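In: From the sequence below, what's the structure:
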Amino acid sequence: MDESRLQEIPLFASLTRRQRGRLARRARSVELGPGDHLVDEGDLPHDFFVIEDGHAAVIASGRHLTDLGPGDFLGEIGLVRQIGRTASVIATTPLRAIVMDEEGFRKMARSMPSVMAQLDAAIEWRLERDRLFGLDRDA
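Out: Numbering: from 1, shown residues only. Model prediction:
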């Protein structure tokens, strides 16, 4: 994957070109159609995703929680907290995402604290949102 694609993603925009290059070597791109699942609630986590193009719906316990679009990411809660997926994420349009496997994600988390700080903030916000929806994860 070309590191310049990562520069357009807000999560990675502040990284140096070299850092983005390291991430790009650990990432791949996937394309999905409407109705395809990126992740399913309850499954064990294996990947981290960043949406490049398209949109997806986040569904937990049968409830629509939010929609995701370009620049949004998912999969961090299960990987960081080592719990099953807290929601299903389903493409609602044609979608292209950057995918990083668990090993690549862990290397990124250790070597790029600015990215990890953003992910930690998102985790706290998302788990609080889930509690407000009555979806306490006991995480």
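
In: pLDDT at residue 81, what is it?
Out: As predicted, residue 81 sits at a pLDDT of 89.

In: and it, how many neighbours?
Out: For residue 81, the count of nearby residues is 14 (other CB atoms under 10 Å). Yep, even glycine has a C-beta here, placed from its N, CA and C like the rest.

In: Is it in contact with residue 120, as I believe?
Out: No - using CB atoms under 8 Å, residue 81 is not in contact with residue 120; the gap is 10.7 Å.

In: Would you quantify the distance from residue 121 to residue 112?
Out: Distance, residue 121 to residue 112, using CB to CB, to the nearest Å: 14 Å.

In: which residues touch residue 69?
Out: 51, 54, 55, 56 (CB atoms under 8 Å, 6 or more residues apart in numbering).

In: Spell out the residue ranges of the helices in the chain.
Out: Secondary structure of the chain by DSSP state H: the helices cover 3-7, 17-26, 76-81, 102-111, 113-132.

In: Just say which of these is most tucked in.
Out: Greatest average neighbour count among the helices of the chain goes to helix 76-81 (a mean of 20), per mean count of other CB atoms under 10 Å.

In: which secondary structure elements does it contact?
Out: Using 3 or more CB pairs under 8 Å, 6 or more residues apart in numbering; DSSP states H and E, the elements in contact with helix 76-81 are helix 102-111, helix 113-132.

In: Now do it: distance to the chain's middle.
Out: 10 Å (CA atoms, centre = their mean, to the nearest Å).

In: quick revisit: I'd like the helices of the chain as JSON lines, with distance to residue 94 appended.
Out: Conversion of these to JSON lines gives the following (distance: least, CB to CB, whole Å):
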{"stretch": "helix 3-7", "distance to residue 94": "17"}
{"stretch": "helix 17-26", "distance to residue 94": "23"}
{"stretch": "helix 76-81", "distance to residue 94": "24"}
{"stretch": "helix 102-111", "distance to residue 94": "25"}
{"stretch": "helix 113-132", "distance to residue 94": "25"}
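
In: Done for today, thanks.
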